[in-house]
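Asker: what follows is a protein structure lacking sequence information:
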Ligand code: PHE
């Protein structure tokens, strides 16, 4: 099996695929709603703190584990720990902890996909509706349109089409499937994002002259310190995990296709920068001001429907709104697809490399699995005849506030304390830039795990009161 394992075809292909993995619905759908519900500017303080103290160190770790293991991801923690086990744990224990982590990560990936793929489907559906102008007809309210959209079983067709697309892309393998789609979709996504961002900056409010997009920028960039809380800190940490695809095994999986001499530090920093540009500049500077122009300071609380309810209203009132609307929803679709491909490939690689199931068959199994786990969310709104999506919101909260963070904590403790030397060595192999030992000691061993623990403890305490 080893010799038939593929690698990324080119450096640009690798970076775009990794950026495709990270840049997803998290950047354009989740970030605006989480930032808005946690006070806008006040959220950005713990957000940047978590990016530096948690995001960057863990990203470096995941690239290293992935390349070291050369396997789908979850299988690698175990063997890596085995080799270094003399340092801390007995080998058997090390393998058990590593594999357990992998199994939880596997379950979390499936859970994420139970709702993530629906949002991809909505994006595709909304792109079509933008071109047809359905939600722009006089008298159509965009919140009511969203409610009728999610309650209409016929619209699930866009979900199924998205799943078929994913299955076919993954069946084609690393270079012909994943890499070539990333090369097409990622640049297009950035072009669309920049056009929408520029348009957003010149937007007046159709509702209230004081709610211009510049006032919206103020909301996100001018912190109201009274809104700082442990709740926003944990939400920020969770968002960093979500947006950088950390904690689940999908970065490890993509890194497992790296060439042995790939520069991990430069490439992972490039991936993080591309992701943050998309999230903070495009997601923050385009989406939030657009939503603000319509909802104003009171209305912009943020819910999972923000991207689908607030934005269409603005497109309706804009010259050429159909085109801008289609651009926005296609951007969401491309962002979602390139991340979902990463999750899909991780599951298929797992079936292939652990159970010997051939790639094509694996892709079909995952397709059927996704239909099953996605069914409750598909049915939630259809059966309850409501667009409240309680179950959906609950699953997203659990993923963002606890599951990814806890997985990341276990991972950083294992790497920082049990396998430290070989982890650092792997990070620096083949690299132009090296991670200095003091950095590893300060961040990986100390600041990263301690920050996560402090955030979790204080958040849970506040929550319990
Ligand atoms: N990082 C991607 C996103 O922002 C994909 C992802 C989603 C990764 C959920 C982990 C968890 O959408």
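Answerer: That came through, no problem. Everything numeric here is computed off the predicted structure, so don't read it as measured data.

Asker: might you name the residue of the stretch 251-400 of the chain sitting closest to the ligand?
Answerer: residue 339 (3.6 Å; CB to the nearest ligand atom). Placement of C-beta: from N, CA and C, glycine included.

Asker: helix or strand right after the one helix or strand in the chain whose mean pLDDT sits lowest?
Answerer: Every helix and strand of the chain was ranked by mean pLDDT, DSSP states H and E. The lowest is helix 74-84, at a mean of 61. As assigned by DSSP states H and E, the chain's next helix or strand after helix 74-84 is helix 91-132.

Asker: and the following helix or strand past that next one, what other elements does it pack with?
Answerer: Later in the chain than helix 91-132, the nearest helix or strand by DSSP H and E is helix 142-151. For helix 142-151, the packing partners by 3 or more CB pairs under 8 Å, 6 or more residues apart in numbering; DSSP states H and E come out as helix 91-132, helix 306-316, helix 359-384.

Asker: now the helices for the stretch 251-400 of the chain?
Answerer: In the stretch 251-400 of the chain, the helices defined using DSSP state H, counting those that start in this stretch lie at 264-276, 288-299, 306-316, 321-355, 359-384, 390-398.

Asker: and the last one with the ligand, contact?
Answerer: No: using CB under 6 Å from any ligand atom, helix 390-398 never reaches the ligand; the gap is at least 9.2 Å.

Asker: tell me what that helix is packed against?
Answerer: Short answer (3+ CB pairs under 8 Å, 6+ apart): helix 390-398 packs on helix 91-132, helix 359-384.

Asker: what's near enough to touch the residue nearest to the spatial centre of the chain?
Answerer: Nearest to the centroid of the C-alpha atoms of the chain, with distances taken as CA atoms, centre = their mean, sits residue 243, at 3.7 Å. By CB atoms under 8 Å, 6 or more residues apart in numbering, the contact set of residue 243 is 22, 24, 26, 27, 30, 31, 275, 279.

Asker: near the ligand, which residues of this structure are found?
Answerer: When proximity is defined as CB under 6 Å from any ligand atom, the chain approaches the ligand at 22, 24, 25, 26, 27, 112, 242, 243, 245, 248, 339.

Asker: shaky segments in this structure?
Answerer: Along the chain, the model assigns pLDDT under 70 to residues 1-4, 71-94, 301-303, 464-465.

Asker: and with 50 instead?
Answerer: Applying pLDDT under 50 to the chain flags the ranges 1-3, 85-88.

Asker: could I get the contacts of residue 243 as JSON lines with neighbour count, secondary structure and distance to residue 320?
Answerer: Formatted as JSON lines, the entries for the contacts of residue 243 read as follows, by neighbours: other CB atoms under 10 Å; DSSP: H, G, I helix; E, B strand; the rest coil; distance: CB to CB, whole Å:
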{"residue": "22", "neighbour count": "30", "secondary structure": "helix", "distance to residue 320": "31"}
{"residue": "24", "neighbour count": "29", "secondary structure": "coil", "distance to residue 320": "27"}
{"residue": "26", "neighbour count": "27", "secondary structure": "helix", "distance to residue 320": "28"}
{"residue": "27", "neighbour count": "29", "secondary structure": "helix", "distance to residue 320": "24"}
{"residue": "30", "neighbour count": "25", "secondary structure": "helix", "distance to residue 320": "27"}
{"residue": "31", "neighbour count": "26", "secondary structure": "helix", "distance to residue 320": "26"}
{"residue": "275", "neighbour count": "25", "secondary structure": "helix", "distance to residue 320": "29"}
{"residue": "279", "neighbour count": "26", "secondary structure": "helix", "distance to residue 320": "26"}
